[in-house]
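S.K.: Build me a model:
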Amino acid sequence: MIIDQQEFNVNGLTFSIRSADEKDAGEISSLRVQMDGETENMDREQGEGFIDSAGFEEIIRLDTEKQRNLFLVAIVKEQIVGFSRCEGVDLKRFSHKVEFGVCIAREFWGYGMGKKLLETSMNWADTNGIKKMTLNVLGTNEKAMELYKRMGFEIEGMLKRDRRHANGQYYDTVVMGRFRG
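M.R.: Here you go, the predicted structure:
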């Protein structure tokens, strides 16, 4: 699915959000590796699950074609600094829902980009007949969980000791969802 570019100014920073394009693939691949190394909130350690430019080109192409997928990028001064995806499945029993994921480069935390990516995705979902959005969040990421709650998500469950980080500690994953009529 394609979303036209939108401009925002939050806390003195101007940024735009638009659908990813295949030409963005190399930049997204590099940014994903960078972000995986900046925070424990991601599912991967830096370099794990690497997706190269060709892999992202394919993901973007498929997301553009599929009605229940949406791949957005956040851009500051012509540089991609974050992205989000909504991914649905082709099984009829699950065609009413999508899973949302988001990541923003640490340098740009606090400017509302994650919230704007989520709002844009929620608007897209609502106008395209998607009834449920789900997401997973690290149990210690209280700031993200509070944002999701303010945006209408509720905690649906917890996967206890779901993740084991490099420090050897186990962490819970919180499953959240938002259902619309």
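S.K.: For the residue nearest the centre of the chain, give its distance to residue 72.
M.R.: Centrality entry for the chain: nearest residue to the mean C-alpha point is residue 102, 2.0 Å, by CA atoms, centre = their mean. The gap separating residue 102 from residue 72 is 9 Å, by CB to CB, to the nearest Å. Using the backbone N, CA and C atoms, a C-beta is placed for each residue, glycine as well.
S.K.: So for the residue nearest to the centre of the chain, what's the nearest residue that isn't a sequence neighbour?
M.R.: residue 84 (4.0 Å; CB to CB, 6 or more residues apart in numbering).
S.K.: and that neighbour, how many neighbours does it have?
M.R.: 23 (other CB atoms under 10 Å).
S.K.: hang on, it packs against residue 101?
M.R.: Yes: using CB atoms under 8 Å, residue 84 is in contact with residue 101, at 6.5 Å.
S.K.: Spit out the residues that contact these two alike.
M.R.: Taking CB atoms under 8 Å, 6 or more residues apart in numbering as the criterion, residue 84 and residue 101 do not both touch any residue.
S.K.: What confidence value was assigned to the residue nearest to residue 102?
M.R.: On pLDDT, residue 84 comes in at 97.
S.K.: Pairing partners for it in the sheet, please.
M.R.: Beta-bridge pairing of residue 84 under DSSP bridges involves residue 72, residue 102.
S.K.: which residues sit in contact with it?
M.R.: Residue 84 makes contact with 70, 71, 72, 100, 101, 102, 103, 114, 117, 118, 121, according to CB under 8 Å, 6+ apart.
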